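Visitor: My questions are about this predicted structure, shown below with the sequence.
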Amino acid sequence: MSNTSSAPPPAVKERYIPNGLKFAFGGLAGMAATCVVQPLDLIKTRMQLGGAGRSSFTVAGEIVAREGFPALYTGLSAGLLRQATYTTTRLGVYNILFDMYKEKYQGHAPGFGVKMLLGVAAGSVGAFVGTPAEVALIRMTADGRLPAEQRRNYRNVVDALMRIVKEEGVLKLWRGATPTVARAMVVNAAQLGTYSQAREMFLGTVPDGVALHFCASMVSGLVTTIASMPVDIIKTKIQNAAKGESQLSVVTTLLKNEGVLSLWKGFLPYYARLGPHTVLTFIFLEQLNSAYLKYTV
């Protein structure tokens, strides 16, 4: 009689994505999403720096009419560098802090409140690292609204960074770093809290997957936009200010000339960019992760 007992199946080697690749994939996903939403970033910046009373569609039409359709992607190289520095650093720091917490508390994952704090800390570090690219992005997207003789005419983000260092000094690469970091703290705190809550709210009503992530991201984006826009506009004004203009004078001039409500100028393109960028980043990240697991041994 043959022995019918079967040996236990051989252990399957667990497949995972190395931490270094996780950070790289996060940056690449953010860069891919930026390629889609860059025109909205440009419109938002032009609205924040321009006069009141113009809609997003008016600003977009003016850009296309005066500068041509390709001008909607002005500053794309700076936007990509910003994602490569800010997003990659933020994800890297967050994962390091997450692992440190688990190691300290014997493998227990952090709760929601701690995750929010970790996200704020990681966002702050990422924002500081990404500030030079942010400065270049603001200046490149704002250039087209200036008279020809006042434009900086940066050829690309490398040219922008090199000229800022040469003409203004290396520290000017971090002009507006304080509001940039403050904005990142507000964005991360608002996104982490509202995205989780919105996802629970839609779960069961909206099919799980891209549809659920999109709905939750748009609700999260609305709250985040309302909370973070004042800091974002102040940051934009400071980073685009002329040489020698103090940060305090930039803020006081803004409030005096345009009023408190100007702190939410460019609301529609800001909001339209934030939600889809989150969804697209998630989709691209999942595709990169799937491709790695599929095509590697």
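Guide: Here it is on my side, so go on.

Visitor: Pull the contacting residues for the residue nearest to Leu40 when sequence neighbours are not counted.
Guide: Nearest non-adjacent residue to Leu40, counting by Cβ to Cβ, 6 or more residues apart in numbering: Arg273, 3.9 Å away. In this view, the C-beta of every residue, glycine as well, is placed from N, C-alpha and C. With contact taken as Cβ atoms under 8 Å, 6 or more residues apart in numbering, Arg273 is in contact with Val37, Leu40, Asp41, Lys44.

Visitor: Max pairwise distance over these: which two?
Guide: Val37 and Lys44 (9.9 Å; Cβ to Cβ).

Visitor: Flag the shaky bits of the stretch 1-150 of the chain, pLDDT-wise.
Guide: Applying pLDDT under 70 to the stretch 1-150 of the chain flags the ranges 1-15, 51-53.

Visitor: just the stretch 151-297 of the chain next, same as before
Guide: 192-193, 297.

Visitor: If we use 90, what do you get?
Guide: 151-152, 176, 178-180, 182-297 (pLDDT under 90).

Visitor: can you give me the helices for it?
Guide: Taking DSSP state H, counting those that start in this stretch to define them, one finds helices in the stretch 151-297 of the chain at 157-168, 177-202, 210-240, 247-258, 267-295.

Visitor: Run the chain-centre distance for the longest one.
Guide: The one in question is helix 210-240. Distance of helix 210-240 from its chain centroid, counting by Cα atoms, centre = their mean, to the nearest Å, is 9 Å.

Visitor: sorry, back to before: how close does the residue nearest to Leu40 get to Ile43?
Guide: For Arg273, the distance to Ile43 (Cβ to Cβ, to the nearest Å) stands at 9 Å.

Visitor: from the contacts of Arg273, which single one is nearest Val114?
Guide: Nearest member of those to Val114, counting by Cβ to Cβ, is Val37, at 30.5 Å.

Visitor: contacting residues for the closest one?
Guide: Ala272, Arg273, Pro276, His277, Leu280.

Visitor: before we move on, what about Ser55?
Guide: Contacts of Ser55 (Cβ under 8 Å, 6+ apart): Leu268.

Visitor: returning to that earlier point: show me the one in the contacts of Val37 that has more neighbours than the rest.
Guide: Arg273 (24 neighbours; other Cβ atoms under 10 Å).

Visitor: so how far is Glu245 from it?
Guide: Counting by Cβ to Cβ - Arg273 and Glu245 are separated by 27 Å.

Visitor: thinking again about what came up before, TSV please, covering the contacts of Arg273 and showing secondary structure and distance to Pro132.
Guide: Converted to TSV, those look like this (DSSP: H, G, I helix; E, B strand; the rest coil; distance: Cβ to Cβ, whole Å):
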residue	secondary structure	distance to Pro132
Val37	helix	21
Leu40	helix	22
Asp41	helix	17
Lys44	helix	20
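
Visitor: are any of the residues you listed buried, and which?
Guide: The neighbour count (16 or more other Cβ atoms under 10 Å) marks Val37, Leu40, Asp41, Lys44 as buried among the contacts of Arg273.

Visitor: Closest one to Arg139 out of the residues you listed, please.
Guide: Of all the buried ones among the contacts of Arg273, Arg139 sits closest to Asp41, with 13.1 Å by Cβ to Cβ.

Visitor: Tell me if I'm right that that closest one and Ile138 touch.
Guide: No - Asp41 is not in contact with Ile138 according to Cβ atoms under 8 Å; the separation is 9.7 Å.

Visitor: Pull up the gap between the closest residue to Phe202 other than its chain neighbours and Leu203, please.
Guide: Of all residues not flanking Phe202 in the chain, Cys215 sits nearest, at 4.9 Å (Cβ to Cβ, 6+ apart). Distance, Cys215 to Leu203, by Cβ to Cβ: 10 Å.

Visitor: Could you do Phe57 as well?
Guide: Distance from Phe57 to Leu203, by Cβ to Cβ: 35 Å.

Visitor: And Asn95, by the same measure?
Guide: According to Cβ to Cβ, Asn95 and Leu203 sit 26 Å apart.

Visitor: So for the two, which residue has more residues nearby?
Guide: For Asn95 versus Leu203, neighbours defined as other Cβ under 10 Å are more numerous around Asn95 (16 against 13).

Visitor: show me what contacts that one?
Guide: By Cβ under 8 Å, 6+ apart, the neighbours of Asn95 are Asn19, Lys22, Phe23.
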